[in-house]
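> Okay, here's the prediction I keep looking at, along with the sequence it came from:
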Amino acid sequence: MGNNELIPLLPEMAIFVVVAEEGGFSKAGRKLGLAPSSVSRSVNRLEKALHTKLLERTTRQVKMSTAGAEVYTQCKSMLESAKLAVRTVQCTQDEAVGVLRVAAPKAFAKQILSPLLLDFMAAYPKITIHFKVTDLYIDPIGEEIDVIFRLTDQPIEGLISKTLARTNLLMCASSDYLEQFGVPGHPDDLEHHQCIVLGEWAGDNEWRLTSVNQTTVVKTNNRMSVNHTEIRKEAVLRNLGIAIFPDFTVQSEVRNGTLVQILPDWHIAGNYSGEVILQYAQSRYIPYQIRLFVDYMSERFSKLSYNVITPEFE
């Protein structure tokens, strides 16, 4: 097949890669911004040109044929080479222009990152931001995210990591609740209190706490479970129980006394705590807008103080 015949098939090959990775025409269409029928026609044209069946279609799913798997590998390599060509040019540019795809957890995105991101956009008006806010796990490579913020002590392996800050979990209740039901002096006392949990997985009602020389796990009595920080905080402010929060989400309430920190000498293990990490893909060619964004956020976080004072444990 000569270049004149091959070049028109390059877009079809790229679309085929997305269909194979997404497992269907509808999902691929949503990712590409195309109608499923258009995606299907592209794959049909590629199959006709190659004189082979690339996909096995059923009413429930789409799977690659043996030939399709081999073609996918080569087409995927073609796409990676195209991306590398673009990155090669981008990394040599010194103009702040282009698209930047950023992802972050919800509460962190709203309360900490959002104003910094908007400041960045104001400073660099030629950079377009695609901001994905989610608490679900994100595969930066598979979902084509340039920069991901994570609150964890376990960074995604294989990515470049930049530690920006640290966040801890605080256990809080309202002063009125504590006046009525008492202040827990030890984690075991939590068994006699109403608690509001995250509710994202089956073990969320078991709270793991560590002091200097002791670790304990408490099974709480759930008054409510909700995976939304603001709703949990509102429930606590209404004297409905005790809840755990990332420190940056309740710093003002703790400082002004609206919320009271409970068991301050205990470290709480759980999601949305640990190092605040910025991660991005390793490459010989890091686009200028990514390098600029990383440097900008590193500088801003170095001047940002949001942590409530909590104990550190080895």
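Perfect, thanks for sending it. Numbering: from 1, shown residues only.
> nearest residue to Ala96 other than its sequence neighbours?
Spatial nearest neighbour of Ala96, chain neighbours left out: Tyr124 (4.2 Å); criterion: Cβ to Cβ, 6 or more residues apart in numbering. C-beta: built from backbone N, CA, C; applies to glycine.
> in the helix-or-strand element of the chain with minimal mean pLDDT, what counts as buried?
The least trusted helix or strand in the chain, going by mean pLDDT, DSSP states H and E, turns out to be helix 3-6, with a mean of 74. Using 16 or more other Cβ atoms under 10 Å as the burial criterion, none of the residues of helix 3-6 qualify.
> repeat for stretch 266-277
Neighbour count says stretch 266-277 has 266-268, 270-277 buried, by 16+ other Cβ under 10 Å.
> Columns pLDDT, distance to Val147 and secondary structure on top of these, output as JSON lines?
Putting the buried residues of stretch 266-277 into JSON lines (pLDDT from 0 to 100; distance: Cβ to Cβ, whole Å; DSSP: H, G, I helix; E, B strand; the rest coil) gives the following:
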{"residue": "Trp266", "pLDDT": "94", "distance to Val147": "34", "secondary structure": "coil"}
{"residue": "His267", "pLDDT": "93", "distance to Val147": "29", "secondary structure": "strand"}
{"residue": "Ile268", "pLDDT": "93", "distance to Val147": "28", "secondary structure": "strand"}
{"residue": "Gly270", "pLDDT": "85", "distance to Val147": "25", "secondary structure": "coil"}
{"residue": "Asn271", "pLDDT": "83", "distance to Val147": "21", "secondary structure": "coil"}
{"residue": "Tyr272", "pLDDT": "87", "distance to Val147": "18", "secondary structure": "coil"}
{"residue": "Ser273", "pLDDT": "88", "distance to Val147": "21", "secondary structure": "coil"}
{"residue": "Gly274", "pLDDT": "90", "distance to Val147": "18", "secondary structure": "strand"}
{"residue": "Glu275", "pLDDT": "92", "distance to Val147": "16", "secondary structure": "strand"}
{"residue": "Val276", "pLDDT": "94", "distance to Val147": "13", "secondary structure": "strand"}
{"residue": "Ile277", "pLDDT": "95", "distance to Val147": "11", "secondary structure": "strand"}
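> List just the nearest of those residues to Thr216.
Of all the buried residues of stretch 266-277, Trp266 has the smallest distance to Thr216: 8.6 Å, by Cβ to Cβ.
> For the residue nearest the centre of the chain, which non-adjacent residue is spatially closest?
Nearest to the geometric centre of the chain sits Ala104, at 4.4 Å (Cα atoms, centre = their mean). Counting by Cβ to Cβ, 6+ apart, Ala104 lies nearest to Phe149, which is 4.0 Å off, once chain neighbours are set aside.
> Alpha carbons of stretch 203-218, as CSV, please.
C-alpha atoms of stretch 203-218 as CSV (Å, rounded to 0.1, in the frame of the first residue of the first chain):
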residue,chain,number,x,y,z
GLY,A,203,-14.7,-0.5,55.7
ASP,A,204,-15.3,3.2,55.9
ASN,A,205,-17.0,2.8,59.3
GLU,A,206,-13.8,1.4,60.8
TRP,A,207,-11.5,4.3,61.8
ARG,A,208,-7.8,3.5,62.3
LEU,A,209,-5.9,5.8,64.8
THR,A,210,-2.3,5.8,65.9
SER,A,211,-0.6,7.4,68.8
VAL,A,212,3.1,7.5,69.6
ASN,A,213,3.0,3.9,71.0
GLN,A,214,-0.5,2.5,70.1
THR,A,215,-2.6,1.7,67.1
THR,A,216,-6.3,0.9,67.4
VAL,A,217,-9.2,0.4,65.0
VAL,A,218,-12.7,1.5,66.1
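> Which stretches in the stretch 101-250 of the chain count as strands?
Secondary structure of the stretch 101-250 of the chain (DSSP state E, counting those that start in this stretch): strands at 127-133, 147-152, 159-167, 169-174, 194-197, 206-210, 215-219, 221-225, 242-246.
> Break down the chain into its helices, ranges please.
3-6, 10-22, 25-32, 36-50, 66-92, 106-108, 114-123, 175-181, 229-237, 247-256, 288-302 (DSSP state H).
> Ser211 is nearest to which of those helices?
In this view, those are compared for proximity to Ser211 by Cβ to Cβ, and helix 247-256 is the closest at 18.0 Å.
> Let's see the closest one as PDB, backbone CA atoms only.
Taking C-alpha atoms only, helix 247-256 is exported to PDB below (Å, rounded to 0.1, in the frame of the first residue of the first chain):
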ATOM      1  CA  ASP A 247      -7.500  19.500  57.500                       C
ATOM      2  CA  PHE A 248      -7.800  22.200  54.800                       C
ATOM      3  CA  THR A 249     -11.600  21.700  54.600                       C
ATOM      4  CA  VAL A 250     -12.100  22.700  58.300                       C
ATOM      5  CA  GLN A 251      -9.200  25.000  59.100                       C
ATOM      6  CA  SER A 252     -11.300  28.100  59.500                       C
ATOM      7  CA  GLU A 253     -14.000  26.400  61.600                       C
ATOM      8  CA  VAL A 254     -11.400  24.900  63.900                       C
ATOM      9  CA  ARG A 255      -9.600  28.200  64.300                       C
ATOM     10  CA  ASN A 256     -12.700  30.100  65.100                       C
END
